[in-house]
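Peer 1: Only the shape, not the letters, is given here:
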């Protein structure tokens, strides 16, 4: 699957034969668990945003080097849902849009696995990537200088878009793709 993954997101969304399966219960190795009642850390290099409109309480984890935060939900609506916040991999919006477009184009090549399309999440351009069988999808979006990676072990494209839209505090209706 093609995806522009945050440095805070595991390097492979879909493991190859030589890579271990993702641990959906422990997002960052050696992470610091944060209390659900505690304020979000002020030591991150960005202002974290507590995801909105998710129908479950998050387990919250600070990455070992303190540059990202993960919110892990077991939602009745979405199932296991992981939202990782970090600084953008590509801070420049024009370069990020070009990267998204390149990934969409690459996903159409005959040797590509999975798909990529550009969607709108909370009024921002986002990259939606999906496994070849569409059983796992991920959204990458940057809003107010924070990169949000929204994914889960069994989220179809429309569901991950709905979850990302809900998490960023917008209406929960599915956003149609802008391009594919």
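Peer 2: Yep, it's here. Everything numeric here is computed off the predicted structure, so don't read it as measured data.

Peer 1: At the geometric centre of this structure, which residue do we find?
Peer 2: Relative to the mean C-alpha position of the chain, the nearest C-alpha, by Cα atoms, centre = their mean, is the one of residue 149, at 1.8 Å.

Peer 1: so what's that residue closest to, chain neighbours aside?
Peer 2: With sequence-adjacent residues excluded and distances taken as Cβ to Cβ, 6 or more residues apart in numbering, residue 149 is closest to residue 84, at 4.3 Å. In this view, the C-beta of every residue, glycine as well, is placed from N, C-alpha and C.

Peer 1: Show me what the one you found is bridged to.
Peer 2: Legend: beta-bridge partners of residue 84 under DSSP bridges are residue 70, residue 149.

Peer 1: buried ones in the longest helix anywhere in the chain?
Peer 2: The longest helix of the chain (DSSP state H) is helix 93-107. Burial within helix 93-107, assessed by neighbour count using 16 or more other Cβ atoms under 10 Å, is assigned to 96, 99-100, 103-104, 107.

Peer 1: related to what we said a few turns ago, what about the residue nearest to residue 149, how many neighbours?
Peer 2: For residue 84, the neighbour count with other Cβ atoms under 10 Å is 25.

Peer 1: doesn't residue 68 make contact with it?
Peer 2: Yes: here residue 84 reaches residue 68: they are 5.9 Å apart, a contact under Cβ atoms under 8 Å.

Peer 1: about what we covered before: relative to residue 128, how far out is the residue nearest to the centre of the chain?
Peer 2: Residue 149 sits 12 Å away from residue 128, going by Cβ to Cβ, to the nearest Å.

Peer 1: shared neighbours, these two?
Peer 2: Counting by Cβ atoms under 8 Å, 6 or more residues apart in numbering, the common neighbours of residue 149 and residue 128 are 138-139.

Peer 1: Who are the contact partners of the closest residue to residue 80 other than its chain neighbours?
Peer 2: Spatial nearest neighbour of residue 80, excluding adjacent residues (Cβ to Cβ, 6+ apart): residue 152 at 4.9 Å. Taking Cβ under 8 Å, 6+ apart, we find residue 152 in contact with 24, 78-82, 136, 160, 163.
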